[in-house]
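> fold the following for me, if possible:
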Amino acid sequence: MKLLGSNTSPYVRKVRLALLEKNIPHEYVVDPPTEPGSLVLQVNPLGRIPALILDDGFCIFDSPVITEYVDSLNDAPILIPRDDPAAKLRVRRWEALADGIMDSAIVVRNEVLRPPEKQKASTIVMHDTAISKALQYASELLGEKRWCEGDVLTLADLALVSALLYLDLRFAKRDWRSSHPNLKEFFARASSRRSVITATTI
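A predicted model of the protein is given here:
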């Protein structure tokens with residue numbers, strides 16, 4: 001299978017982490033849809049990344065759909081609980097929370113890249129506030145646990161570390177570590193994993 005993406009997309013990184021954690025053979029191709037001739041535009045009608053092309057040519061798009069498919073391919077490890085509906089719901093909610101942080105961070109970044117006279121301060125404030133609230137919620141939810149679901153790594157952790165990595169990439173001056181020391185510890189723990197090191201090496 002072939003994963004199309006870019007090295008700066010947090011959604012692509014989340015999918016890469018899932019593939020790497022589960023040791024699923026794949027080819028990662030840097031192919032941003034903004035580039036002329038991008039394969040993404042041919043296989044994904046939405047023209048977005050990540051896009052996962054299976055060996056038979058079937059294309060899967062949207063990161064939550066891809067991660068669910070990837071997790072179904074083997075049981076080592078299981079990233080989305082299968083026998084406990086409540087646990088599965090918690091993991092998927094974590095993913096939604098992390099994706100929401102990514103969503104708002106991208107909106108803020110795109111807004112501040114506009115000429116100053118065209119920027120919408122209300123949009124920046126709204127999404128910046130959403131990021132702050134989401135980080136506070138994540139910190140409270142994580143508590144003193146090693147991973148989001150306790151002692152076992154799940155998709156929740158891969159999504160959360162992807163969101164935090166993106167904040168560091170695009171908003172280096174945002175000091176979320178001081179405000180949320182448990183997220184700082186979580187980030188250090190997650191960042192030491194081989195999958196994260198591989199997925200952050202450009």
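
> strands along the protein, start to end?
2-5, 27-30, 51-53, 59-61 (DSSP state E).

> any chance of those in CSV, plus mean neighbour count?
In short, each C-beta sits where N, CA and C put it, glycine included. Compiled in CSV, those are given as follows (neighbours: other C-beta atoms under 10 Å):
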stretch, mean neighbour count
strand 2-5, 22
strand 27-30, 14
strand 51-53, 26
strand 59-61, 19
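
> for residue 70, which of those strands is the nearest?
Ranking the strands of the chain by proximity to residue 70 (C-beta to C-beta) places strand 51-53 first, at 7.7 Å.

> how near is the residue nearest to residue 19 when sequence neighbours are not counted to residue 156?
With sequence-adjacent residues excluded and distances taken as C-beta to C-beta, 6 or more residues apart in numbering, residue 19 is closest to residue 26, at 5.3 Å. To residue 156, residue 26 is 22 Å away according to C-beta to C-beta, to the nearest Å.

> neighbour count: those two, which is higher?
Remark: of residue 26 and residue 156, residue 156 carries more neighbours, 27 against 15, as counted by other C-beta atoms under 10 Å.

> got a list of what that one touches?
Residues near residue 156 by C-beta atoms under 8 Å, 6 or more residues apart in numbering: 90-91, 94-95, 98, 147-149.

> which residue comes closest to it once chain neighbours are left out?
residue 94 is the one closest to residue 156 (C-beta to C-beta, 6+ apart), at 3.3 Å.

> residues in contact with the one you found?
138, 141, 148-149, 154-157, 159-160.

> flag every buried residue along the longest helix along the chain.
Counting residues, the longest helix in the chain under DSSP state H turns out to be helix 85-112. Neighbour-count burial for helix 85-112, counted by 16 or more other C-beta atoms under 10 Å, picks out 87, 90-92, 94-95, 97-108, 111.
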